[in-house]
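Undergrad: Fold the following and give me the result.
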Amino acid sequence: MNELILHLGTNQGSRIRNLDLCQLLINQQIGFVESVSSDYETEAWGNTDQPSFINRALLLQCRLSPEKVLKKIHIIESKLGRIRKIKWGPRIIDIDIIFFGQQIIENPNLKIPHTELTNRNFVLIPLMDICPSFIHPILNKTVKDIYKVSKDTLKVEKIR
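TA: Numbers count the residues shown, from 1 in each chain. Okay, the predicted model is just below:
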């Protein structure tokens, strides 16, 4: 079994419902969800002229390869209505692989650990709910230590 940490985000439609349905599909198609963060609302990052996002992190156990997980993620996103148009644009659902155990993968289609996680408090704060002591396999620092030195200034507000 592999420990998989995912990050979910949505800023369209019924945002909590989007996250709940996405989590259900992940549990059915990718692996057993062991731990779920609180939900957090955050202003959009990157392309800021859009509604705020609600974000959630999941820790799960899975038997799939990272590449198979990515394929399943794309199927789930598509099933929920995701259309990829604009980088960092509005979306009904976004699922990112943050960590896959201690694996390091860098190819054109997949980068693990997620390359931007150190710059995004909307990812780090939910991660601190479920895995504050998880050690980043490249930086050799815990999620909590990475958050302590984050330069991201966007407000991340716990909503439930």
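Undergrad: What distance do you get for Ile104 to Thr115?
TA: Using C-beta to C-beta, to the nearest Å, we find Ile104 at a distance of 11 Å from Thr115. Quick note: C-beta positions are derived from backbone N, CA and C, even for glycine.
Undergrad: Which one of the two is surrounded by more residues?
TA: The neighbour count for Ile104 versus Thr115, taken as other C-beta atoms under 10 Å, is higher for Ile104 (13 against 10).
Undergrad: Return the distance of the residue nearest to the more buried one when sequence neighbours are not counted relative to Pro108.
TA: Among residues not flanking Ile104 along the chain, Pro137 sits closest, at 5.5 Å (C-beta to C-beta, 6 or more residues apart in numbering). According to C-beta to C-beta, Pro137 stands 20 Å off from Pro108.
Undergrad: Looking at these two, which has the bigger crowd around it?
TA: The neighbour count for Pro137 versus Pro108, taken as other C-beta under 10 Å, is higher for Pro137 (14 against 5).
Undergrad: where does the more buried one fall, helix, sheet strand or coil?
TA: Using DSSP: H, G, I helix; E, B strand; the rest coil, the structure places Pro137 in coil.
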